[in-house]
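*Asks:* Build the 3D model from these lines:
(one chain, ligands or ions: 1)
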Amino acid sequence: MRIDILTLFPPMFDGPLNASIQGRAREAKLVEIHVHDIRDWSTDKHNKVDDRPFGGGPGMVMMCQPLHDAVLAVEKMDPRPAQRILLTPQGERTTQTMVETLASHERLVLIAGHYEGIDERVIEELAPLEVSIGDYVLSGGELPALVLVDAITRLIPGVLGHEDSAAEDSFSVKDGTGQPLLDTPHYTRPREWNGTEVPEVLLSGDHGAIARWRHQQRVDRTTTRRPDLRHSQPTPDSGTSSTQDV
Ligand code: 6GU
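*Replies:* Here you go, the predicted structure:
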């Protein structure tokens, strides 16, 4: 998989993409990630990329030309067709299901917006999928792009050490109706810490009993902590039964 990121602030990507799991995945060539400075495509003699909003108001607006030319030039760097994604608080809110769909693409071009916004005409022309990471406002699309890259790359086979790691995460495990469940609690040595014992069943060696206990923990935690996940309607791809498996 190849991911290209277009931004006005490339240094924001240096640390996160080179450390930990992301860094290892790139080293192992499981994912190819390129960061591009939109300013490099500005045809203005001062490399201008933004201007004041028509109609007035605060802040600056990203101009059409540099972003448009950057996207087309970057896409030409590889023959595989790319899914364009614009990170914006006006976008569709990200879910694990959306992340799984994006992870199945061979190539993604992520556009991180900044300033007050982007000239609407270039958004209409590029027709990207518009994605938000939640209902709160960030200063730009850079951190959301990193969030998305992390969520996507960890699903690529071989990126996580253990092949089942991603499949057992919160939101990846589903109940009988396809509703996502939160993760089960985890424990490691020592068996007793600060006066609290590890739950007995985990020491039993009975794999069936352990699996049933973990499933019940997931259901109970999801019901208490995220009742919205338990009561929402099954999504079209989430299975055929409409009864809740509590
Ligand atoms: Cl994708 N961009 C910005 N600027 N703020 C956000 C966001 C994106 N998602 C949530 N808040």
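*Asks:* give me the number of residues near the spatially closest residue to Glu92 that is not a sequence neighbour?
*Replies:* Nearest residue to Glu92, sequence neighbours excluded (CB to CB, 6 or more residues apart in numbering): Val131, at 5.9 Å. C-beta: built from backbone N, CA, C; applies to glycine. By the measure other CB atoms under 10 Å, the count of residues near Val131 is 24.
*Asks:* close enough to count as contact, Val131 and Thr94?
*Replies:* Yes: the criterion here is CB atoms under 8 Å, and Val131 meets it with Thr94 at 5.9 Å.
*Asks:* thinking again about what came up before, tell me which other helices or strands the strand or helix carrying the residue nearest to Glu92 touches.
*Replies:* Assigned by DSSP states H and E, Val131 belongs to strand 129-132. For strand 129-132, the elements it packs on are strand 83-93, helix 142-153, judged by 3 or more CB pairs under 8 Å, 6 or more residues apart in numbering; DSSP states H and E.
*Asks:* Contacts only, for the spatially most central residue of the chain.
*Replies:* In the chain, the residue lying closest to the centroid (CA atoms, centre = their mean) is Leu148, at 2.5 Å. Leu148 makes contact with 85, 87, 94, 99, 102, 110, 131, 133, according to CB atoms under 8 Å, 6 or more residues apart in numbering.
*Asks:* ok, now how distant is the fourth one from Glu125?
*Replies:* Yep, that's Val99 we're talking about. Val99 sits 26 Å away from Glu125, going by CB to CB, to the nearest Å.
*Asks:* Kindly export the strand holding Val131 (C-alpha atoms) in CSV.
*Replies:* This file holds the C-alpha atoms of strand 129-132, laid out as CSV (Å, rounded to 0.1, in the frame of the first residue of the first chain):
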residue,chain,number,x,y,z
LEU,A,129,-13.8,11.5,0.4
GLU,A,130,-14.2,14.0,3.3
VAL,A,131,-13.3,12.5,6.7
SER,A,132,-13.4,13.8,10.3
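*Asks:* Could you give the number of residues near Arg39?
*Replies:* The tally of other residues near Arg39 (other CB under 10 Å) stands at 16.
*Asks:* Could you do His207 as well?
*Replies:* Neighbour count of His207, defined by other CB under 10 Å: 8.
*Asks:* For Val137, see how far away it is.
*Replies:* From His207 over to Val137 (counting by CB to CB), the distance is 46 Å.
*Asks:* what's the answer for His36, then?
*Replies:* As for His36, its distance to Val137 is 25 Å (criterion: CB to CB).
*Asks:* Settle it for me: which of the two has more neighbours?
*Replies:* Using other CB under 10 Å, the more surrounded residue of His36 and Val137 is His36, with 18 against 7.
*Asks:* angle of the one helix or strand in the chain whose mean pLDDT sits lowest against helix 142-153?
*Replies:* For the chain, using mean pLDDT, DSSP states H and E, the weakest element among its helices and strands is helix 20-27, scoring a mean of 85. Calculated by axes from the mean of the first three to the mean of the last three CA atoms, to 10 degrees, helix 20-27 forms an angle of 70 degrees with helix 142-153.
*Asks:* Now for His215, how many residues are close by?
*Replies:* 15.
*Asks:* scratch that, Ala127
*Replies:* Count around Ala127 with other CB under 10 Å applied: 9.
*Asks:* show me what contacts it?
*Replies:* Contacts of Ala127 (CB under 8 Å, 6+ apart): Arg84.
*Asks:* okay, Val99 and Glu125: which has more neighbours?
*Replies:* Neighbours around Val99 and Glu125, counted as other CB under 10 Å, are more numerous at Val99. The numbers are 19 against 13.
*Asks:* if you skip the residues just before and after it, what's nearest to that one?
*Replies:* Closest to Val99 by CB to CB, 6+ apart is Ala151, at 4.5 Å.
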